[in-house]
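> dropping a prediction and its sequence here:
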Amino acid sequence: MAQIRDKQKLLIINENMWRVMWKLSVPAILAMVLFGLNAFLDAVFVGQLINATALAAVSISYPLSQITFGLGSLIGIGAGTVLSIAIGAGDTSSQQKILGNITTLCFIISAAFAIPSWFFAEEMVSLMGAEGELLRLGTEYFKATLPGAFFWILGLAINMLIRGEGKLKEAAYMMAIGLIINIILNPIFISTFEMGVAGAAWATNIGMITYAIVGYWYFLRGKASFDTDVRYLGIDKKLSKSILSLGFPSLIMSLMGLIQALVVYNAINNYGTQSDVAFFAASHRTVLFLITPLFGLMRALQPVIGMNYGAGKMDRVESSYKTFSLAGFLIIFPFWLLMNIFPENSLSLMLPGYTYGPEEIWNFRVYTFVLPLLPLVFMGLTFFPSIERGKIASILALLRQLIFYIPVMLIIPIYFGIRGVFFGATVIDVIMTILIVYYVNKELKKIRQKEAVKKPDIAEEVILSKQV
């Protein structure tokens, strides 16, 4: 039994890195494509079955509902990273308590978010720049997501914990179940039951409830590759601190994404029309769906770096970052190329019958310009927490939104209008790519120096043992 449980660990810390990448990334990418389909298909169903106004309203309020995913990532990525390092280092105490810790954290955090949000839903949607019919529909959608908040957070956290042990295929199956339920229920709730935008939210809620239950059932059946006490429920102070500190960069990224959306949608509302809001929403959702495979690579990279770091195999830490970054580029580039050759086909899925002008096509191409560079960014933001450098990732995420994004989006549209929103976003992402690559190389240099010091020490130990 122990050999079976160690099989995944041995694969990750010993096998050829391209083989490891392929074996872990395929199910992880499929899982994240399925996850991305949740948001993408919600937009497609709303745009096709209701209208462009409903799509704009859902898109404006969607970043608020995504706070739950940020909270799920806070716990899940932190727990997955702690677990990967614990497995690599053979720390059984942390492994046993980790499930009970994340369950308790999910309950506390979801209640702290959902209850106040219910009472201030309209004010929160209004902050995103919505008014009139957009405000009414956006509030209706957001409030409908809140009863499912605990399951959104728990489902994602458990799934990320399973990925942290290297079980990417099992995590993908669980995600697929939730997605299938969401796809089936979306048209039924929206059209058949005439629930409108609330129907899209409830279809996702039920999908996430199923997702969380299936994930917990995995541990109850004893399918985990590590020893975990499913009866334990509580907070281990040291363990929870590690989970929250290592998951904090992911939360920062999610919250900063909310701030980004708030600034962008307000800028578009101030300098454009409702049609411009719908166009940006379609452009943004299309880009999010295209980069979904990168989220899969990130999830696969996390246990690879974490376990090798925990096992002290620093050469494989560097190799994994480079291998996964190159794989991300090879996946993204052909789709990016096709999307730029045929932009109307990509956008028309959510905006059927919309006539695109030359300036809108230019804006879309500018907005997508940076996509081939993003594998370096995404793998870098996974790299830092996985080697216990979560603070760097947090600072970079804050830098992107607070220092760059807010000032740029407040100033540039004044002079360049809607075009400035698309152009400014691309310039910021190019700058952030350069910064992240710089700091990754800086950390890799430290790792190489440690390896250089360690190898002579090992050689000396071997010589002494022979003399003895």
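Thanks, I have it.

> so L30 touches Y173, yeah?
No - using CB atoms under 8 Å, L30 is not in contact with Y173; the gap is 9.5 Å. Backbone N, C-alpha and C define where each C-beta goes, glycine included.

> neighbour count: the two, which is higher?
Just comparing L30 and Y173: by other CB atoms under 10 Å the higher neighbour count belongs to L30, 19 against 15.

> which strand or helix spans the more buried one?
Per DSSP states H and E, L30 falls inside helix 17-49.

> least confident secondary structure element in the protein?
Among the helices and strands of the chain, helix 2-14 carries the lowest confidence by mean pLDDT, DSSP states H and E, at a mean of 67.

> model confidence for the residue most central in space within the chain, exactly?
Nearest to the geometric centre of the chain sits F295, at 5.7 Å (CA atoms, centre = their mean). Here the pLDDT value assigned to F295 is 81.

> excluding covalently adjacent residues, which one is nearest to it?
M32 (4.2 Å; CB to CB, 6 or more residues apart in numbering).

> next up, the contacts around the one you found.
Applying CB atoms under 8 Å, 6 or more residues apart in numbering to M32 gives the contacts T292, P293, F295, G296, R299.

> so, if you compare those residues, which one comes nearest to A212?
Set against A212, the nearest of the contacts of M32 by CB to CB is R299 (17.5 Å).

> so the closest one makes contact with M160?
Yes - assessed by CB under 8 Å, R299 is found in contact with M160 at 7.2 Å.

> so where is the stretch 1-150 of the chain shaky, pLDDT-wise?
For the stretch 1-150 of the chain, applying pLDDT under 70 flags the ranges 1-6, 8, 35-40.

> and if we set it to 50?
For the stretch 1-150 of the chain, the stretches with pLDDT under 50 are 1-4.

> which strands and helices lie in contact with the helix or strand following the helix holding L30?
The helix or strand immediately downstream of helix 17-49 is helix 52-65, counting by DSSP H and E. Where contact means 3 or more CB pairs under 8 Å, 6 or more residues apart in numbering; DSSP states H and E, helix 52-65 is packed against helix 17-49, helix 121-127, helix 133-145, helix 197-220, helix 237-271, helix 274-290.

> let's have those helices in CSV, adding distance to Y438.
Listed next are the helices and strands packed on helix 52-65 as CSV, based on distance: least, CB to CB, whole Å:
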stretch, distance to Y438
helix 17-49, 23
helix 121-127, 34
helix 133-145, 38
helix 197-220, 37
helix 237-271, 17
helix 274-290, 25
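
> how about the helices in the stretch 351-468 of the chain?
Applying DSSP state H, counting those that start in this stretch to the stretch 351-468 of the chain gives helices spanning 358-368, 374-386, 390-398, 406-416, 418-467.

> tell me the helices and strands packed up against the fourth one.
Here helix 406-416 is seen to pack against helix 237-271, helix 418-467 when contacts are counted using 3+ CB pairs under 8 Å, 6+ apart.

> right, so the ones you listed: which one is the most enclosed?
Per residue and on average, the most neighbours among these fall to helix 237-271, with a mean of 20 (mean count of other CB atoms under 10 Å).

> packing partners for that helix?
For helix 237-271, the packing partners by 3+ CB pairs under 8 Å, 6+ apart come out as helix 52-65, helix 67-89, helix 92-119, helix 274-290, helix 374-386, helix 390-398, helix 406-416, helix 418-467.

> CSV for these, including distance to K7?
Converted to CSV, those look like this (distance: least, CB to CB, whole Å):
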stretch, distance to K7
helix 52-65, 38
helix 67-89, 12
helix 92-119, 16
helix 274-290, 34
helix 374-386, 21
helix 390-398, 29
helix 406-416, 48
helix 418-467, 27
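
> quick one, which of those helices is nearest to N340?
Minimum separation from N340 across the helices and strands packed on helix 237-271 (CB to CB) falls at helix 274-290, 10.8 Å.

> how about the closest one, which residues are buried there?
Neighbour counts over helix 274-290 (16 or more other CB atoms under 10 Å) mark 274, 276-287, 289-290 as buried.

> which of the residues you listed sit farthest apart?
Using CB to CB, these span at most 25.0 Å, a distance reached by Q274 and L290.

> wait, L135 sits on E122?
Yes - between L135 and E122 there is a contact under CB under 8 Å: 6.9 Å.

> residues contacting stretch 389-407, please?
Residues outside stretch 389-407 that contact it (CB under 8 Å, 6+ apart): 245-249, 252-253, 256-257, 259-260, 263, 381, 384-385, 425, 428, 431-432, 435-436, 439, 443.

> keeping just the C-alphas, turn that stretch into PDB.
Taking Å, rounded to 0.1, in the frame of the first residue of the first chain, the C-alpha atoms of stretch 389-407 are listed here in PDB:
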ATOM      1  CA  ARG A 389       8.400  32.900  -1.400                       C
ATOM      2  CA  GLY A 390       4.800  33.900  -1.300                       C
ATOM      3  CA  LYS A 391       5.600  37.500  -0.300                       C
ATOM      4  CA  ILE A 392       7.200  38.200  -3.700                       C
ATOM      5  CA  ALA A 393       4.100  37.000  -5.600                       C
ATOM      6  CA  SER A 394       1.900  39.100  -3.300                       C
ATOM      7  CA  ILE A 395       4.000  42.300  -3.900                       C
ATOM      8  CA  LEU A 396       4.000  41.800  -7.700                       C
ATOM      9  CA  ALA A 397       0.200  41.300  -7.700                       C
ATOM     10  CA  LEU A 398      -0.300  44.500  -5.600                       C
ATOM     11  CA  LEU A 399       2.200  46.300  -7.800                       C
ATOM     12  CA  ARG A 400       0.200  45.400 -11.000                       C
ATOM     13  CA  GLN A 401      -3.100  46.600  -9.700                       C
ATOM     14  CA  LEU A 402      -2.500  49.400  -7.300                       C
ATOM     15  CA  ILE A 403       0.600  51.100  -8.800                       C
ATOM     16  CA  PHE A 404       0.000  50.500 -12.500                       C
ATOM     17  CA  TYR A 405      -3.600  49.500 -13.200                       C
ATOM     18  CA  ILE A 406      -5.600  52.100 -11.200                       C
ATOM     19  CA  PRO A 407      -3.600  55.200 -12.300                       C
END
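
> which residues does the closest residue to G306 other than its chain neighbours contact?
Counting by CB to CB, 6+ apart, G306 lies nearest to S84, which is 2.8 Å off, once chain neighbours are set aside. Going by CB under 8 Å, 6+ apart, S84 touches G164, E165, G166, Q302, P303, I305, G306, M307, G310, S386.
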